[in-house]
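*Asks:* sequence and predicted structure below; questions after.
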Amino acid sequence: MSEMICITCPMGCHLHIEQISDTEIAVTGNRCHRGEAYAKEEILSPRRVVTATCAIDMSSGVANSYYSENIYRPRRVPVRTTAAFPKERIPELLSQIYALKVKLPVTAGQAVLHDALGTGIDVIATRTM
Ligand code: SF4
């Protein structure tokens, strides 16, 4: 038996988890069905929204003119996944993100990596540069 707190709403129910098998758990202590769904996802297939930064492709003239016109000169583009990503694959995803070189200009919301690792989840820029 293990315990966790449901963070789906401010009620913060204390959930009691009993592992029945590798693919099945029993949840008690939840005041609504969302608590059970939260515990199942968190234990059986945890996911997280991933935030990171990508290098800028400095080989283009656009990047150089951006840098000559902006006093604040960030060296990397902030990015995030468009949805929660399978937790066990996050290191693999970060390797791909860190290998990217993003061409400027880039717009907030623009995909810099489509269908990351075949999950159907994109990685998008979170800043226009
Ligand atoms: S189980 Fe339901 S009521 Fe309790 S914290 Fe989770 S969402 Fe809120």
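*Replies:* Cool, the structure landed.
*Asks:* right, and the ligand sits closest to which residue of this protein?
*Replies:* Nearest to the ligand, among the residues of the chain, is Gly35, at 2.4 Å (C-beta to the nearest ligand atom). In this view, the C-beta of every residue, glycine as well, is placed from N, C-alpha and C.
*Asks:* which SS state does that residue fall under?
*Replies:* Following DSSP: H, G, I helix; E, B strand; the rest coil, Gly35 is assigned to helix.
*Asks:* who's in contact with stretch 81-88?
*Replies:* 45-51, 93, 116, 119, 121-124 (C-beta atoms under 8 Å, 6 or more residues apart in numbering).
*Asks:* burial count for the residue nearest to the residue of the chain closest to the ligand when sequence neighbours are not counted?
*Replies:* Among residues not flanking Gly35 along the chain, Cys6 sits closest, at 4.3 Å (C-beta to C-beta, 6 or more residues apart in numbering). Neighbour count for Cys6, taken as other C-beta atoms under 10 Å: 22.
*Asks:* need the contact list for Cys6.
*Replies:* So Cys6 contacts Gly12, Cys13, Leu15, Asn30, Arg34, Gly35, Tyr38, Ala39 (C-beta under 8 Å, 6+ apart).
*Asks:* understood, closing this out.
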